[in-house]
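Novice: Quick check, what structure comes out for this input:
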Amino acid sequence: MASIEELSLIIKDLESRVRVCEDEREIRELLSRYGYNADCCRDEEYVALWTDDASYDLSLIMTGQHRKERDDTLVAWKRRHARSHHRSERPQRPGFYGYSMHVSGVNLVIHIDGDDAVANSYSLLYKEEEGAIRLISAGSNEWTLRRVDGTWLIKGRTRSQTGTTSFATRLSATPG
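Specialist: Down below sits the predicted model:
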């Protein structure tokens, strides 16, 4: 039979493991809400997902008629303060607002370190055009996350287009 001390250690270990599972669940929901809110024109809800000092770095290469050379430096779009950015202007080109679908939680890997986390995932962007849905872009995300007042928020998003130099390195990132 286990002693009180042994049972106490087991309980503490289980509490810690449950906290990690809860954190991962909350982060998965946060990243899902990112796409839903961006695509469904929920600006205030979208903005509320970010920390006040958030950053956003988007490397995007479109497919088809919008295709550009595969060079991160040619297509990088960077903007500090994602909260004010989203209120003042949309990152999508005309016709995307309300007609696109961001899929950001595919192949999600999460590394948690206290109140900070890094999540890596694939990133797919679909768009409706004349009744057809087509893939516009594919890449990988590195999300930096922070727990603020008990709630996980996005501190930063860096996206690398499939085929660019940074795409493969983005997939193996860990908190540092």
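
Novice: From Ala119, how far off is Leu30?
Specialist: 9 Å (CB to CB, to the nearest Å). Using the backbone N, CA and C atoms, a C-beta is placed for each residue, glycine as well.

Novice: When these two are compared, which one has more neighbours?
Specialist: Shown here are Leu30 and Ala119; by other CB atoms under 10 Å, Ala119 has more neighbours (25 against 19).

Novice: which residues of the protein fall in helices?
Specialist: 4-39, 43-47, 72-75, 82-88, 165-170 (DSSP state H).

Novice: sorry, back to before: what residues are shared contacts of Leu30 and Ala119?
Specialist: Between them, Leu30 and Ala119 share these contacting residues under CB atoms under 8 Å, 6 or more residues apart in numbering: Leu145.

Novice: Next, the contact list for the residue nearest to the spatial centre of the chain, please.
Specialist: Centroid-nearest residue in the chain, with CA atoms, centre = their mean: Trp143, separated by 4.7 Å. Trp143 makes contacts with Leu31, Ala117, Val118, Ala119, Asn120, Ser121, Ile154, Gly156, Arg157, as judged by CB under 8 Å, 6+ apart.

Novice: Let's see that with 6 Å instead.
Specialist: Ala119, Arg157 (CB atoms under 6 Å, 6 or more residues apart in numbering).

Novice: what bridges to Glu142?
Specialist: Bridge pairing for Glu142 (DSSP bridges) gives the partners Asn120, Thr158.

Novice: Quick check: it vs Asp43, distance?
Specialist: As judged by CB to CB, Glu142 and Asp43 stand 24 Å apart.

Novice: So which of those two has more stuff around it?
Specialist: For Glu142 versus Asp43, neighbours defined as other CB under 10 Å are more numerous around Glu142 (19 against 14).

Novice: wait, doesn't that one sit right on Thr158?
Specialist: Yes - using CB atoms under 6 Å, Glu142 makes contact with Thr158 at a distance of 4.7 Å.

Novice: Count the neighbours of the residue lying closest to Asp23 once chain neighbours are set aside for me.
Specialist: Take Asp23 and drop its neighbours on the chain: the residue closest to it by CB to CB, 6 or more residues apart in numbering is Ile112, 5.2 Å away. Ile112 has 18 neighbouring residues, counting by other CB under 10 Å.

Novice: For Arg17, give me its contacts.
Specialist: With CB under 6 Å, 6+ apart, Arg17 has no contacts at all.

Novice: Report the separation between it and Val109.
Specialist: When Arg17 is compared with Val109 (using CB to CB), they lie 18 Å apart.
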